[in-house]
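J.: okay, here's the prediction I keep looking at, along with the sequence it came from:
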Amino acid sequence: MKISLPVENHQPLVALQGFLKSLLDNQIVDVILTPMRTPGGAVTPALVSDPALLEHADPLAPVLPVNAATWAGKVSLRKPHPRLAAVLRSCEARALVELTKMAQASLEDLLVVAIDCAGTYTPATYLNKQANSNAPLWVDLYASIRQQSEFTNADLRPACQICEQPVYENAPIRILLLESDLEQAIWIEIQDELGERLGWQGSAANGHSPAIEAYIASRKQARDQAFTEIRARLEGDEGITGVFAACIRCHNCMTVCPICYCKTCVFKSHVFDHDPMKYLEWARQKGAQRMPPDTMLFHLTRQNHMALSCVGCGMCTDACPSELPVGLVFRAVAERLQQTFEYLPGRNVEEPLPLVTFKADEWTEVGE
Ligand code: SF4
Ligand code: SF4
Ligand code: SF4
């Protein structure tokens with residue numbers, strides 16, 4: 001059903017906080033994972049069990065410090081686990097689906113509350129912009145999309161500027177911010193049974209508004225242009241070694257990636273703790289050995305392991321101290337791979353991972 005959550009005194013955040021509180025008050029869940037405002041103004045995911053503390057919840061704040069799918073997975077996986085509601089943006093919800101398929105999360109007692117996303121800033125940009133703004137930063141972001149007045153914002157995280165999936169459709173609860181007049185009411189799509197338990201009566205849900213379609217079309221255009229530019233670099237003289245030339249193999253991109261879940265990554269193991277004479281051997285073979293070594297092997301291995309499940313959240317780009325376009329490279333490579341297997345990560349939890357699915361008649365052209 002689709003319900004209209006009334007907004008009083010032009011305060012949609014208070015209305016949303018009240019809705020989340022009703023999930024705890026009605027014992028739908030035991031705890032809620034949601035972005036929370038800290039006393040210093042930073043916004044970070046937190047696990048909230050006390051309904052009174054939800055007055056600090058801020059799912060509207062346009063900032064993405066971590067991909068919270070990782071933490072939804074950790075709280076949901078092993079039994080016994082609490083009944084959890086997780087307030088997630090689209091790239092987080094899609095990562096959670098992929099983690100579920102990889103047995104790193106469980107949707108059994110996990111209620112995804114998917115919020116439409118108008119883009120996010122890095123934590124530093126968010127704090128800086130918010131300190132210089134009289135209004136919450138989400139006000140202009142959502143209004144400009146709804147009024148179709150402005151779709152480009154160079155301050156947003158690079159991944160958000162090319163994100164063509166700001167809306168996640170397969171969640172039991174969807175907060176339809178992009179089609180709501182946030183001054184008046186917030187549209188929420190909710191499973192009938194859940195809506196009835198919360199005492200709502202609603203109407204049948206309908207599709208995207210024209211504003212969302214235009215917003216997605218503009219993001220697709222930006223994405224395609226970014227793909228064209230990075231592919232020209234990857235396939236030109238610079239090549240992938242040139243693009244990653246400044247990589248210091250700090251592993252930040254891997255640590256923050258929601259899909260890279262291995263607890264003992266081979267690149268952090270003794271396998272890559274080479275003997276001293278091995279370094280000398282390499283230096284003599286080539287005349288000089290780049291240090292740290294193995295950077296390309298690291299990126300190619302990581303792509304090999306997770307490109308099919310890359311959801312384009314851009315956490316890797318944000319975390320790179322060398323400011324390399326890691327997420328864009330991964331997305332550009334992943335797009336072709338995902339198209340080959342007709343696989344869209346995060347689309348459907350029932351859709352099997354291509355790499356664990358054997359089809360006898362697949363890729364027959366390879367080797368011909
Ligand atoms: S990548 Fe997309 S869903 Fe994720 S924060 Fe950016 S705009 Fe939102
Ligand atoms: S975060 Fe940047 S510098 Fe660090 S390993 Fe990844 S690409 Fe290399
Ligand atoms: S590789 Fe980067 S963009 Fe892709 S899922 Fe991991 S962190 Fe997100």
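T.: Thanks, I have it. Ligands and ions are numbered 1, 2, ... in the order given.

J.: mind listing residues that contact the helix or strand encompassing Leu96?
T.: Element membership for Leu96 (DSSP states H and E) is helix 90-101. Helix 90-101 has contacts (Cβ atoms under 8 Å, 6 or more residues apart in numbering) with 64, 67-70, 72-73, 86, 88, 105-107, 110, 112, 114, 116-117, 159, 163, 165-168, 170-171, 258-259, 261, 309, 311-314, 345-349, 352-353. For the C-beta atoms, the positions are set from N, CA and C on the backbone; glycine is no exception.

J.: show the buried residues in those.
T.: Neighbour counting by 16 or more other Cβ atoms under 10 Å classes 64, 67-70, 72-73, 86, 88, 105-107, 110, 112, 114, 116-117, 159, 163, 165-168, 171, 258-259, 261, 309, 311-314, 345-346 among those as buried.

J.: picking up where we left off before, okay, and which of the contacts of helix 90-101 map to helices?
T.: Under the assignment DSSP state H, the contacts of helix 90-101 contribute 69-70, 72-73, 159 to helices.

J.: and which of those residues is nearest ligand 1?
T.: Of all the ones in helices among the contacts of helix 90-101, Ala159 has the smallest distance to ligand 1: 4.5 Å, by Cβ to the nearest ligand atom.

J.: surely the closest one and Val311 touch.
T.: No - between Ala159 and Val311 there is no contact under Cβ atoms under 8 Å: 9.6 Å.

J.: surely Leu33 is within a helix?
T.: No - using DSSP: H, G, I helix; E, B strand; the rest coil, the assignment for Leu33 is strand, not a helix.

J.: that one bridge partners, please.
T.: Following DSSP bridges, Leu33 is listed with bridge partners Leu47, Ala86.

J.: what sits against it?
T.: 45-48, 68, 71-72, 75, 84-87.

J.: the same query, at a cut-off of 10 Å, please.
T.: Leu33 sits next to 45-48, 68-69, 71-72, 75-76, 84-88, 92, 110, 113 when contact means Cβ atoms under 10 Å, 6 or more residues apart in numbering.

J.: do the same with Cys310
T.: Neighbouring residues of Cys310 by Cβ under 10 Å, 6+ apart: 94-95, 98, 257-260, 302-303, 316, 327, 330-331, 333-335, 337-338, 345-346.

J.: now Leu355, nearest residue through space, not along the chain?
T.: Nearest residue to Leu355, sequence neighbours excluded (Cβ to Cβ, 6 or more residues apart in numbering): Leu308, at 6.3 Å.

J.: same question but for Leu177, I mixed them up
T.: Once flanking residues are discounted, Leu177 sits nearest to Asp116: 4.1 Å by Cβ to Cβ, 6+ apart.
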